[in-house]
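Chemist: Pasted the sequence and its predicted model underneath.
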4 protein chains.
Amino acid sequence: MVIVLKSGTKRDEVNGFIDSLKTLNVEVHRSEGASQVVLGLVGDSTRIREEQLRAHHLVEQVIRVQEPFKMANRLFHPDDTRIDVTGIDGTIRSIGGGKLGIIAGPCSVESIEQVTLIARNVKQSGAGFLRGGAFKPRTSPYSFQGLGCEGLDMLLEAKKETGLPIVSELMTIQQIEVFDDVDIIQVGARNMQNFNLLRELGHCRKPILLKRGMASTVTELLMAAEYIMAGGNENVILCERGIRSFDSFTRNILDLSAVPVLKKKSHLPVIVDPSHATGIRWLVPSMAKAAIAAGADGLIIEVHNNPEAALCDGEQSLTPEEFDSLMKVLRKYAAIEEKVFA
Amino acid sequence: MVIVLKSGTKRDEVNGFIDSLKTLNVEVHRSEGASQVVLGLVGDSTRIREEQLRAHHLVEQVIRVQEPFKMANRLFHPDDTRIDVTGIDGTIRSIGGGKLGIIAGPCSVESIEQVTLIARNVKQSGAGFLRGGAFKPRTSPYSFQGLGCEGLDMLLEAKKETGLPIVSELMTIQQIEVFDDVDIIQVGARNMQNFNLLRELGHCRKPILLKRGMASTVTELLMAAEYIMAGGNENVILCERGIRSFDSFTRNILDLSAVPVLKKKSHLPVIVDPSHATGIRWLVPSMAKAAIAAGADGLIIEVHNNPEAALCDGEQSLTPEEFDSLMKVLRKYAAIEEKVFA
Amino acid sequence: MVIVLKSGTKRDEVNGFIDSLKTLNVEVHRSEGASQVVLGLVGDSTRIREEQLRAHHLVEQVIRVQEPFKMANRLFHPDDTRIDVTGIDGTIRSIGGGKLGIIAGPCSVESIEQVTLIARNVKQSGAGFLRGGAFKPRTSPYSFQGLGCEGLDMLLEAKKETGLPIVSELMTIQQIEVFDDVDIIQVGARNMQNFNLLRELGHCRKPILLKRGMASTVTELLMAAEYIMAGGNENVILCERGIRSFDSFTRNILDLSAVPVLKKKSHLPVIVDPSHATGIRWLVPSMAKAAIAAGADGLIIEVHNNPEAALCDGEQSLTPEEFDSLMKVLRKYAAIEEKVFA
Amino acid sequence: MVIVLKSGTKRDEVNGFIDSLKTLNVEVHRSEGASQVVLGLVGDSTRIREEQLRAHHLVEQVIRVQEPFKMANRLFHPDDTRIDVTGIDGTIRSIGGGKLGIIAGPCSVESIEQVTLIARNVKQSGAGFLRGGAFKPRTSPYSFQGLGCEGLDMLLEAKKETGLPIVSELMTIQQIEVFDDVDIIQVGARNMQNFNLLRELGHCRKPILLKRGMASTVTELLMAAEYIMAGGNENVILCERGIRSFDSFTRNILDLSAVPVLKKKSHLPVIVDPSHATGIRWLVPSMAKAAIAAGADGLIIEVHNNPEAALCDGEQSLTPEEFDSLMKVLRKYAAIEEKVFA
C-alpha cells in the first residue's frame, strides 16, 4: 500500500503519522520529495482499513498495490480451475481448463413441450448444458415473471429426458432449497452485488454462474466471486454479458477484453453471454465466435423454437437451426484455440 | 405504440401483420412511405408485449409512446406526493410538497454513544431524520459488515432520546420483520432491481427510500418504484446518489438533472445523497446546495463525530460542525425555493 | 512517481533497474514487501517518460503523484484568476474572482435583426456578454452550418449597438484572423483536443472559453488548457457542458461536481452551459441555479426570440422572458454566494 | 418521421400543426389515441429540420425512422466497398470485400533505421501496409509530439525500400499538401468530429482511415464518414478503436459488436485497432483474433523493435516476433471467415 501525504505536511506530523501506522504491525518506507512525502507500507496490510486512511486529514491519496481479492486470485492459485458437472447418466461435462462449456436454451421455460424440444435440439447440435429461466428478473412489474417452481419442474423433466445438466437463475435466498436438482445456479447481473445472497451461496457446493453487473468493474466481479468463495464454495464461473454504455444501438456493449483480463487475474473459468450483451439475434453468431477467439471457456446462448412467439427476449434468441449452424463454425474456432466442447 | 416495418416488406405481409395486431383489440393506423411502412397502434396496448413485437421478422423498430410506469406517473397523479412521518412525540415531519427532509447521521452505527451524540448534534442543526447503517452492503467480504440487529437497537435508542425518526438500509426480505420500528426503510443502489425485495416492500405501509442504481436510467428507477407501488405501498421517496461514469476523480457523477426530470415525470418526492455521489467530504456542501437549487425535496448526508476513526466511509462524512455550517446556508437556499425544513 | 514492480522480480533485476533510474537524476526509495517491490522516485521527474516506464518488462504499475498540468495548477498559483474584458465603451466586465459572467444569446446568428433584438433583451436582463454562433459544428453535413463571416459581422453589429462584448466559436486555425474583434473565443467540446488549434490560440492574447469534451476527464480538460497556457496565453475560462452517459433522456449529463473539483485543482474560472448539457428548455433554469450553487463563475445560456423558428437548437433555447425571470432568481443565489454579476 | 404530440393538445391545434407540416410537401398520417396523437410523415423529409420540430410547443417527441446518413448507407449501396491501394511496384493491396488489410508499424516514427527495420519485419510476417506516426496528438503539451515532416520523409523512405503502402495520421488542413505520397490518410479519434478537416478531405481522392471517437456512437461515426463522402471522396475505411467506459483497467473498451453493426448499416470496410483499444501489449493478440472473428476487414497494430525504448505507446506495442506469431494464428481465423490477407 502506498500513501501520498498532502503537500505542506510538516515533518513532525509525518513522524506522528508513521508512528501510528507502525502500531498496525507494518513496516513503513518514506520517500521524501521536494513538495510531497510518499509512504510505502510493507507487510501484512490486511488489518489496515484503506478507507480509514483515506479519511485521515494528512492523506492525499491511498494506492493499493495488491488486488483486494484472494481466493479468486491467480497469484495464489496459478492453475486454471475446471468446473466439472456429473450428469444423471454419469457423464462428466466441464467448463474451463481447455473445456468449452456451451449452455443453450430458452430465456424462459414456457411449457414441457417447448423446453424438451429445445433441449433435444441443442443437445444434438453439441450443447453441453441446458439453460432455462423459471424465475425471471423483469424491469416492469407488469411483465411476465416466469413460471416459478412449475417452470423448474419442466426444466428437470427436460434434464431427465436428455441427460443435459441444467442451469437456471435463482433470485432469492428462499429459493435455494428448490434448486436442489439444478446443476448450475445462475446469479443474474442485477444480483451480482446482492451480498447476502452471495454469502448464502457460499455455503452450498453447487457451481455458481456469476454474471457481471451492468456497470461493474472486473475487480468488483472478482470481489463478488470472493464473497461466494470465502464461504467455502470455490465453484464459481464468471460470465461477461455486456456493460452499460452511451451508444444505445445494442442493449449493452460486450466487453470482450474482460475475458483475457479476468483470466489473467483469476483462475476461475470465464464464459460469455452474447445474447443478453447484444439483445439482437443477428449479432449473436459474430459475438459468439469473437468470444471463443478472445479466450472464453464457454458460452451461454438463448435458443427458442419460435422466437416470434417467445414470452421473453425473443428478439435475441436463435432458432435451433441458427444455433446448429453456429455450433459448426464454433468447432473450427475451438480447434484453433485447442479447446474441446464439454 | 409505433411500429416501423423493415423496408422491402410486401403489401400482403403488411396486411397480414395488421390483421394479427387487430386481434389484440387495438386500432392500427398505417403510414406508407416510399421505402418504409410505419404503423401507429391506438387503444389499450397494455396487452401487447413489446418484446414479442420486436422479435417479429417484419419489424425493424418498436417505439413506445407512453411511459411504462403508471402509479408513479405524474400524468395520472398531478399533485406532488408528500411523505409524512409521525415521530414518537407526535410531531409530523414531511418530505415533498414544499417540505425539505434533511436526513443526517453516520454511515454505520458504531456504538450507542456515537449514534446518540451525532443524533443530538444533527437535530440541533435542524435535521429532521436520523440515518444510520446497521446492515452494510460492502464490496469486499473482508470489510466491516455493520453491527446488524445490535446496530438497529442502538439506532432505536437514539430515536428514543432525540425523537428523530430513523432511516436505515434493509438488505433482505428476512430483515423486514426487524425493521418494525424503523420509520423509513432504505433500499440501496445495489438492490434497486432486487425485484423480490421490492415486491415484498410493496406489502408494508412504511415509507421506502429508494436509491437509484449506479447505472440505472431514470425510467428504470421509476419502474423500481412501480414494483413497490403496484403492491399497494405508495410511500416511495426517490433518491439520486450518483451514477457511474468514465471520470474516476469522484466516486460517481451526481446527476442533478435527474431531479427535475424525475419530478416532471413523477409525483413522488426526490431527494439527493451528496455524500455517496461524490465520496469526498469537501464536495458535499457544494453538491448539497446545488441539489436544493435543482429542486430536490431533501438530502441525505453522512455526518460523523470523528470521520478519521469512522468504521465506514469516513472520507465522505462531515463533522457535526461542518454540517451545522452547511445547514445555515441551506436555509437561505430553501427560502429562495420557498420550501421549509421538515 | 511510484513504481510497482512485478511480483517475482529478482533482486539483481531490481538493482539494475534502480541504477538505470538513477541515471535520470532522481532519487529512488525502495520498499520491499513479501511479494512485491515498490519504488518511490523523488526529485525532478519531468524528464522521465511515464509511458516508457510502463513499457518496461519489470514494471507492473506506474502511479503519478503529481498532477501533469503546471500552469493551470492552483498549487503554483493559489489565487483565483479573473478574466477581464474591456468593452467598446470602456466598461470592464469580468469572469472569476467573485464576478459572475453571464453569457447569453442565440445558438446561431440568423440575421442582424434577430441578434440585435436578443442582444438588447439579454443586456436589459443583466447579461454581461453576448454569445452567437457564426461557424457551427454540426453532426450532419446536411444541417445548417452557420452564416460564417457574415454571421460574425452581424454579431459585431450587435456588439456596437449594445456595448456587450461578444463570444463566438472558432473552428479552425485559419479563422483566427477573422476573430480579431471577437472578445472571447470559444473552443467547442469537439475541438477540446484539437491540439494544433489549442497551440495556435496560445499565441493570441484573447480570453479563450474552453469547453470540456463530451467524454473528457477533468484532468484532460486541464491539460487542454495547459496547451493554450504553455503558448503564453493564460486567459482561459473552463466550461462544463455535460458529458456522455448511458441515460439518453437528457442530451448529456451535467457534471456539476466538476465545478468545485476544477476550482480546487486550478485557479482558472469555471463556467457552466446548462443549455447544451441538457438540450431541453425546461431544464435550463434549475441547472443554471444549481451551477451557481455549486460555485460556478458564470453561465452560458442560449436565448432566442422565437425558439420554435430557430435554425439551430431551438428546443434548448429560453425566450427573452424566460431568461429575464431566471436572471431575477439567479441574483438571489449570487447574493448568497457573495458574487456579483459582471 | 414520427411525431408524438403532447397529451392534451386540442383538436384544432393538431389540425393547424398538420397544415403547417403539409406546406413542407410531406404526407401526414394521423393516429389518434385516448390520450395522445401520433403523426406519421411520409415523403421526402430531408427538407424538414428535426430540431425545429422538437422545439415546437405541441411536440413531445420526434422519432426519425430513416438513418441520417445516405452515401455511407448500405440501403442505397448494397455491395461491400473495397478500398484498393496500388503500391510503387504496381501491386494492388485491398481492404474490404473479402480482403483483410493488416496495417502494422510503430506508434511514432523515430529514425530511418527504426522504421525501415520494422517495415521489413512486418512485411515478412505478411502485413500489407506500414503505419507510422509523424504528427502525434498528445494529451500533454510536454510530451513528444512526433518528428513532423522529417518523420514523414523517413516513412516514405521505408515505403521505397519495402514497397509497402503507408498509413499516417494527419492533424490539420494545412498538412494535407505534405501527405501527397502517403497512401492512406488517418484521421484520429480526437479529430473524428473536426468537421472542417473532414470536409477538406472530401476533396482529395486518397483513402481515409477514419477512427471512431472515444465517445462517439456508430451513427456519429457514419455521419463523420458522410462528411468526407459528401465532398466526393468515397474511399473511407472505418476503424473501431475502443470507447470510454467506467472500468479503467484497459485504456478503453473495445466495442467489437460495432463491427457487425457498422457492416450491416454501411457498405464501407471496417477495421479494428486492438493496440489503442486496450493499451496493453498482452491483450492485443486476443483482441486481434476476436476482431477477425467478429467480421473485421482488417487490423491496425502497433509493432516496435524495442517497445521498452519506444518514444510513444511502448506498453501497447508488440515486438516483431510477437507480431509474427500472431499473424500465423490470424491466417487460420481468416481461412474460417473465407478472407485473404491483402
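Modeler: Sure thing, it's come through. Numbers count the residues shown, from 1 in each chain, chains lettered A, B, ... in the order given.
Chemist: State the three-state secondary structure for A:Thr81.
Modeler: coil (DSSP: H, G, I helix; E, B strand; the rest coil).
Chemist: Look at the closest residue to it other than its chain neighbours and report its pLDDT.
Modeler: In space, and not counting its chain neighbours, A:Thr81 is closest to A:His267: 4.8 Å by CB to CB, 6 or more residues apart in numbering or on different chains. Any C-beta I mention is one placed from the backbone N, CA and C, and that applies to glycine too. Note on A:His267: pLDDT of 98.
Chemist: likewise A:Asn121?
Modeler: At A:Asn121, the pLDDT recorded in the model is 98.
Chemist: quick revisit: what is the burial count for the residue nearest to A:Thr81?
Modeler: A total of 21 residues lie near A:His267 under the criterion other CB atoms under 10 Å in any protein chain shown.
Chemist: Now it. Its backbone dihedrals?
Modeler: phi -90, psi 0 (degrees, to the nearest 10).
Chemist: Pretty sure it sits against A:Asp80.
Modeler: Yes. Under the criterion of CB atoms under 8 Å, A:His267 makes contact with A:Asp80 at 5.7 Å.
Chemist: Residues touching the strand or helix carrying A:Leu197, excluding its own?
Modeler: Per DSSP states H and E: A:Leu197 is located in helix A:195-201. With contact meaning CB atoms under 8 Å, 6 or more residues apart in numbering or on different chains, helix A:195-201 is reached by A:170, A:172-173, A:176, A:185, A:187, A:191, A:208, A:224, A:227-228, A:231, A:233, B:137-138, B:141, B:171-172, B:190.
Chemist: follow-up on the earlier one: the residue nearest to A:Thr81 and chain B: what is the separation?
Modeler: For A:His267, the distance to chain B equals 18 Å [CB to the nearest CB, to the nearest Å].
Chemist: Identify the residues contacting that residue.
Modeler: Residues in contact with A:His267 (CB under 8 Å, 6+ apart) are A:72-74, A:77-81.
Chemist: Spell out which parts of chain A neighbour chain C.
Modeler: A:2, A:4, A:7, A:27, A:29-36, A:38, A:40-43, A:61, A:63, A:65-66, A:75, A:215, A:244-246, A:248 (CB under 8 Å from any CB of the partner chain).
Chemist: Low-confidence stretches in chain A?
Modeler: For chain A, applying pLDDT under 70 flags the ranges A:34, A:45-47.
Chemist: Outline the domain layout of it.
Modeler: According to automatic domain parsing, chain A comprises the domains A:2-63, A:74-341.
Chemist: among these, which is the most enclosed?
Modeler: domain A:74-341 (a mean of 22; mean count of other CB atoms under 10 Å in any protein chain shown).
Chemist: measure the nearest residue to A:Val109 once chain neighbours are set aside to A:Val182 for me?
Modeler: Closest residue in space to A:Val109, ignoring its immediate chain neighbours: A:Gly151 at 3.9 Å, by CB to CB, 6+ apart. Distance of A:Gly151 to A:Val182, given as CB to CB, to the nearest Å: 11 Å.
Chemist: Between helix D:320-336 and the lengthiest helix in chain A, find me the angle.
Modeler: Longest helix in chain A, counting residues (DSSP state H): helix A:320-336. With axes from the mean of the first three to the mean of the last three CA atoms, to 10 degrees as the basis, helix A:320-336 and helix D:320-336 are set at 150 degrees to each other.
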